[in-house]
Each structure stands twice: as C-alpha cells, then as structure tokens.
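Peer 1: take this sequence and fold it.
(2 chains)
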Amino acid sequence: MDSKIFGEFDLVPDELVPEAQLSLTLSPSELMAHWLRCGQVSDFVAGYIASAYAAEHRAGDAPLFTAISTVFQELIENAAKFSRKREATIGVTVKHFSRILMFEVTNVTTPAFAQRFEEYLEQMSTVVDLGAVYLDIVEAQTESSAEALRSGIGLLVLRKDHEVRLGVKFSADAEGRPTITVRAVQTLEGV
Amino acid sequence: MMEAMEVREVRESEAVVRFTPETATVSFSGALRLANVKAYESVAKLLAEAAGQVSGPLTLDFKELKFLNSSGITALSLFVVSSRKAGKPQLRLVGAKQNAWQQKSLANFQMLWKDMQLVIE
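Peer 2: The predicted model follows:
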C-alpha cells in the first residue's frame, strides 16, 4: 500500500534533534477497558514536558500542563477508539523542541475506519472557516442518536481552539494492515 | 409549606457536577474526560433537571474545571442547542482566566446561542 499524506505532516523535519524525546507503546484494548488511563498518560506526558519550565510554572498546576494534556488526550482518545482492538498497539513519540512540541501517534486500524477517516480529511482539507464546521456538526448531531456521534470534533477543536497543526499519514504495517500516523504540532509560546 | 430544593450532584471518576437550586448554578470541578457523548448522559440529565427547575437564568460555572474533552464539549453543546430551541433557560457561562483553554472553548457555546452570556473572571 502506498502511503498517503494529508495536512502538515512534514512540518518538523525528521532530522531535527529534539531537546527531549519520549516514546511509549500502549494497548488500545487496555485504554478502552480502563478509560482513566487516557487521562493518566496525558497527564504524565504533560508533566514530563512542563517540568522543564518549573522555574516559570509549577508543573501539574500550570496552564502549560493543562494545554499539553488536553491536546494529547484528544490524540490518544482517537487512537484508542479507532484502533484494531486485538494484536495491535499504539505507538507514541513526543518530541520537544524549545517552545514547540510534536506528538506522533501511530495506530493500526480497520479498512472501514481508514476509508472513513480519509474521506473526513478530504472534506476538511478545503475548509477555511473551522467555526462554521463546528456549528454544522453540532446542529446535525442534535438530530442524531448519541451512538452515531463520531464526528471528528476532537481534531477540529485541536485546530480551532488550540491552534494545533495537524498532519496524517495513511500506510500499511508489515502485515498489510491499514496504519494511521497523526502528527500534531503544538506551540508552547504564549500558553 | 414548600420543601427546600435539594442540591443534586453527579460524581464521575475525576469530576463533580453540582446543581445548587438556591443560586440556580451548575458548577463543574475536576476533569471531565469521559469516553464518549453517551458517557455524559448523567451530566446531561442533571443539566436537564436544572433547566426544568430554574425560573430565571441558569449559571454554568466552569471556574474549577481543569479539563473538558471534545466529547464533553459536544455533550454541553447539545444542551446549549436544546435550551436555545426551547427558548429557556437563559444561560450564563462563567470561566476562569487562569484556565486559558476556557476562553476559547467556552466561546464555542456562545457561537451556538448568541444571547448567552459568557463571563471570564
């Protein structure tokens, strides 16, 4: 399977050496079974990065901590919900460059979800007014059942409210299973 | 003699949502990071009860809320839209300046109902 890229996937060059780097491997089925772990791992990542700014903020009780944890939470929630549940892991890499953070989250998914997500990204690629999209999604959902609420609002909120720059790569793992890699770049300046 | 209206609250693993009838306020504290919109049903039910009990405006106080995930934003958005469609109660949202995310995320709700009041303290 050829890889396909959407958005600002190559915003941060791979060869750039980070000040700090962190890698984690998580199980989607465990995150789904123990949902609190999504928040726990988000807080861990946020605390790890925010502690570098301890002179400016007290890690764990700082706007920076909340901002990082909130962004990571949305990424890990999506990976947990939309992964294959068996024989698959979620790979996470966090790179910290001065006042920029890059999260990379990779998960193996189903062909059906890969197709749906690709269609969503195609639609979003031409959108200029993110606020209008948010309104449309919410108004449409008032007519839907709660079960049907898989709207992509998480990624929309990251872009709209947290000014996160996103890129997505579709590829296949060694066994040919569809794999999604989401890269999110968060600016810590001004947080 | 009328019975005093009781404080009602919903306790989630990381958060408490409390309705105080005397002040017509629903206050949120902790971290609301539930798995999906359906998981917010108990919070939605509390909000609907509060909306049914107040005779004037209803205040939603987020000052002590540290996190709200996108499923929570969706669940609260649906409440705002249902209040707008019903024409009541008038909503007043209160956030805290130190929770930087609230200024933008709470403004989402105001986009859904322009008459709503948003206060960042």
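
Peer 1: which residues of chain B lie near chain A?
Peer 2: B:13-14, B:31, B:33-38, B:41, B:66-67, B:69-71, B:73-74, B:77-78, B:81-82, B:85, B:98-101, B:104-105, B:108, B:111-112 (CB under 8 Å from any CB of the partner chain). In this view, the C-beta of every residue, glycine as well, is placed from N, C-alpha and C.

Peer 1: just give me the longest helix of the chain.
Peer 2: Going with chain A. helix A:63-81 (DSSP state H).

Peer 1: was after chain B, sorry
Peer 2: Per DSSP H, chain B has its longest helix at helix B:70-86.

Peer 1: helices and strands of the chain: which one has the lowest mean pLDDT?
Peer 2: No chain specified, so I'll use chain A. Within chain A, confidence by mean pLDDT, DSSP states H and E is lowest for helix A:130-141 among all helices and strands, at a mean of 88.

Peer 1: that's the wrong chain, I meant chain B
Peer 2: For chain B, counting by mean pLDDT, DSSP H and E, helix B:100-112 ranks last in confidence among helices and strands (a mean of 89).

Peer 1: wait, does the longest helix of chain A make contact with chain B?
Peer 2: Yes: contact of helix A:63-81 with chain B (CB under 8 Å from any CB) involves A:63, A:66-67, A:69-70, A:73-74, A:77, A:81.

Peer 1: returning to what we had before: now the angle from the least confident helix or strand of chain B to helix A:130-141?
Peer 2: 60 degrees (axes from the mean of the first three to the mean of the last three CA atoms, to 10 degrees).

Peer 1: list the buried residues of the next helix or strand after helix B:100-112.
Peer 2: Of the helices and strands lying after helix B:100-112 in sequence (DSSP states H and E), the nearest is strand B:117-120. Using 16 or more other CB atoms under 10 Å in any protein chain shown as the test for burial, strand B:117-120 gives B:118, B:120.

Peer 1: which strands and helices lie in contact with the longest strand seen in chain B?
Peer 2: Using DSSP state E, we find that the single longest strand of chain B is strand B:58-68. Applying 3 or more CB pairs under 8 Å, 6 or more residues apart in numbering or on different chains; DSSP states H and E, we find strand B:58-68 packed against helix A:63-81, strand B:25-32, helix B:70-86, strand B:91-95, helix B:100-112.

Peer 1: sketch out the low-pLDDT regions of the chain for me.
Peer 2: As the question left the chain open, I've gone with chain A. A:1, A:54-61, A:144-151 (pLDDT under 70).

Peer 1: other chain: chain B
Peer 2: For chain B (pLDDT under 70), the answer is B:1-4.
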